[in-house]
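# Structure, please.
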Amino acid sequence: MTVQEQNKLLYARAAFGISLNNYLSPTPIEKSIEQLFPKASPGRLETITAEEWAQNTPKMLKSIGDDMQRKEMQKTFRQRIGELNLLWMQAMVDTQYPLLEKMTIFWHGHFAARSENPYFGQLLLNELRHNALGNFGDLLRSVSKSPEMLQFLNNQQNRKMHPNENFAREVMELFTLGRGHYTEQDIKEAARAFTGWGFDEFGAFTFRKGQHDDGEKTFLGKTGNFNGDDILNILLAQKQTALYITQKIYRYVVSDDKINEKRVKDLSTHFYDSNYDISALLKRMFTADWFYTSEIPGSKIKSPIDLLVGYQRMFPVDFKNPRIVINLQRVLGQYLFFPPNVAGWPGGKDWIDSSSLVIRMRLPEALFASKELDLTAKEIDAEMNEANKKPLMQDGHASQQFTVGKASVDWAAYIKSLKAYNRNDVAGVLAHYLLPIPIAPEKLEQINGFADKRSDEDYIKSITILLMELPEYQLC
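Residues are numbered from 1 along each chain as shown. Just a heads-up that it's a prediction; the model follows:
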């Protein structure tokens, strides 16, 4: 690969795509890799301060006396989750360190929890962002003690003599070992160890000693008076945990379907030996010779978030109605803070079906040209509104109809980057920039025939939109 091609691939997988200017003037790949990793922890994303939550929560909880008040509180909570969603999306668009946000999305799906409480969801999001490129052990411990996860997996109800196995099961099946690497007895023993783990009304972790089973337990072949921290440490000591996490990150970064077992084994050994250093694992991937070979480009399907954030990072986009961003997440199947189940979003080919592919291919014209697109958001599941079996929008309404209209797009810098090129060369340059794999010359010529040739500016805009409407643009 040329340096230009290396940078395009790196930013497709480690970010939300590369800007046209950076693509045309590429940086040496070693420097590009280094620039992806932040030197300090990210700032917190907050729509609710701890002080605001502490002041209002007791009043809010005490005031719930009937269904009407409960519904009003749920509506308020949903609005605040929507605000957090938009705040995080804007952080992805604005960030200098897109890899951090990209890996936060990965962990958001790995540690999947349905946000019913905006403050708890905010706490978990900030734990994920803080540890996204850090140490997996630290991340596992912080998530396991977060009120969002303890609530979602019912550990608040896990008590001595009446253990709840839900949290213990998912910690092994989804967070560490993967299915088939533990027994039902291991689940029962781990559940006993996690008894007493909970949180107070302000989201602070609490260990309720009186509800903890302090008897002897046998877990994964080890026996002792284990508590929850001991269980997590035993899980981290298993090389299977390193292998399972490495496999998932490999699929996320490298290939949806084709898993090279030898590469993954080597990577997982390095990950384990580094004491679960996430950044070290990613750097090892990004600096590997095999990463920059012809088998890698086009082997992944862009997630809905990759697609939407990529649009906005390519050139400044101003959605006149910010709610459109959330509605598009729903219609495309990746609604942040509302994963479909405890396993998160399956990704890969599951991002695409016959209807979503058509929508993806029509979006560029709707957003960047002038053709409106009427859509109906997918139902998330019946749990979100048992009364009418339809999911609520973030403002509390059940309506799912919405229209995607033209966004305000600043094309200036994008067009300026191409001023040095002859019009006859622009289509080829943009096809190489926008698409992960080459297209046939006759196909490019056909696309060129549909372009608006009234001016250089119109031509650049129309060629860009036409290329973004191709199925190949959905790959990375």
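# quick one, what contacts the residue nearest to Gly405 when sequence neighbours are not counted?
Taking Cβ to Cβ, 6 or more residues apart in numbering, and ignoring the residues beside it in sequence, Gly405 has Glu372 as its nearest neighbour in space, at 5.1 Å. In short, each C-beta sits where N, CA and C put it, glycine included. Listed by Cβ atoms under 8 Å, 6 or more residues apart in numbering, the contact set of Glu372 reads 366, 403-406.
# Return the member of those residues nearest to Pro436.
Ala366 (22.8 Å; Cβ to Cβ).
# secondary structure element for the closest one?
helix 354-368 (DSSP states H and E).
# Tell me the buried residues in that helix?
356, 359-360, 363-368 (16 or more other Cβ atoms under 10 Å).
# And the protein, what are its domain boundaries?
Using automatic domain parsing, the domain parsing of the chain gives 1-29, 50-236, 412-474.
# pLDDT averaged over the longest one, what's the number?
Regarding domain 50-236, the rounded mean pLDDT is 94.
# to the chain's geometric centre, what's the distance from that domain?
17 Å (Cα atoms, centre = their mean, to the nearest Å).
# repeat for the shortest one
Its chain's average C-alpha position is 21 Å from that of domain 1-29, according to Cα atoms, centre = their mean.
# buried sites along that domain?
Applying a neighbour-count criterion of 16+ other Cβ under 10 Å, one finds 4-20, 22-23, 26, 29 buried in domain 1-29.
# nearest spatial neighbour of Pro28, skipping sequence neighbours?
Val3 (6.5 Å).
# and that neighbour, what does it touch?
26-29.
# does Ile296 really touch Ser255, like I thought?
Yes - counting by Cβ atoms under 8 Å, Ile296 does reach Ser255; the two are 7.0 Å apart.
# quick one: which of these two has more around it?
Ile296 (20 against 17; other Cβ atoms under 10 Å).
# Quick check: mean pLDDT of the next helix or strand after the helix holding Ala366?
Next helix or strand after helix 354-368 toward the C-terminus (DSSP H and E): strand 373-376. Mean pLDDT, strand 373-376: 80.
# before we move on, the earlier item: and the contacts of the helix holding Ala366?
Here helix 354-368 has contacts from 307, 311, 317, 328, 331-333, 352, 371-373, 375, 404-407, 409, 461, 464-465, 468-471, 474, using Cβ under 8 Å, 6+ apart.
# Let me know the average pLDDT across that helix.
91.
# that older thread, let's see which of the buried residues of domain 1-29 end up in helices.
4-14, 20, 22-23, 29 (DSSP state H).
# Name the SS class of Asn341, please.
coil (DSSP: H, G, I helix; E, B strand; the rest coil).
# which residues touch the nearest residue to it once chain neighbours are set aside?
Leaving out its chain neighbours, the residue that sits closest to Asn341 by Cβ to Cβ, 6+ apart is Ala112, at 7.2 Å. Ala112 sits next to 174, 339, 341-345 when contact means Cβ under 8 Å, 6+ apart.
# where do the strands sit along this protein?
197-199, 205-207, 217-219, 222-224, 317-318, 373-376, 401-404, 408-409 (DSSP state E).
# picking up where we left off before, the contacts of Glu372: which two are farthest apart?
Thr403 and Lys406 (10.6 Å).
# Need the single longest helix in the protein, by residues.
helix 67-94.
# in it, what counts as buried?
So for helix 67-94, counting by 16+ other Cβ under 10 Å, buried means 77-86, 88-89, 91-93.
# Now rank the contacts of Glu372 by neighbours and give me the top one.
Val404 (22 neighbours).
# What distance do you get for that residue to Ala369?
Per Cβ to Cβ, to the nearest Å, Val404 is found 11 Å from Ala369.
# Could you find the closest non-adjacent residue to Ile48?
Tyr119 (5.0 Å).
# ok, the spatially most central residue of the chain - contacts?
For the chain, the residue nearest the mean C-alpha position is Ile105 (2.2 Å; Cα atoms, centre = their mean). Neighbouring residues of Ile105 by Cβ under 8 Å, 6+ apart: 303, 305.
# ok, now Asp350?
Residues counted as contacts of Asp350 (Cβ under 8 Å, 6+ apart) are Gly333.
# So for it, what's the pLDDT?
pLDDT, Asp350: 96.
# Okay, it and Pro340: tell me how far apart.
10 Å.
# Count residues in the vicinity of Leu36, would you?
A count of nearby residues for Leu36, using other Cβ under 10 Å, gives 21.
# Going by distance to Leu140, which of the ones in helices among the buried residues of domain 1-29 wins?
Ala14 (22.6 Å).
# The residue nearest to the closest one when sequence neighbours are not counted and Gln35, how far apart?
Once flanking residues are discounted, Ala14 sits nearest to Leu99: 4.7 Å by Cβ to Cβ, 6+ apart. According to Cβ to Cβ, Leu99 stands 9 Å off from Gln35.
# sorry, back to before: and the two most separated of the contacts of Ala112?
So, those by Cβ to Cβ: farthest apart are Leu174 and Trp345, at 12.7 Å.
# if I pick Ala50, what's in contact with it?
By Cβ under 8 Å, 6+ apart, the contact set of Ala50 is Phe202.
# Check the gap between it and Gly43 for me.
Applying Cβ to Cβ to Ala50 and Gly43 gives a distance of 15 Å.
# Asp229 too?
Counting by Cβ to Cβ, the gap from Asp229 to Gly43 is 29 Å.
# My guess is Ile249 contacts Arg284. True?
No - checked against Cβ under 8 Å, the pair Ile249 and Arg284 is beyond contact range at 10.8 Å.
# neighbour count winner among the two?
Ile249 (23 against 16).
# give the contact list for that one.
Applying Cβ under 8 Å, 6+ apart, we find Ile249 in contact with 106, 281-282, 285.
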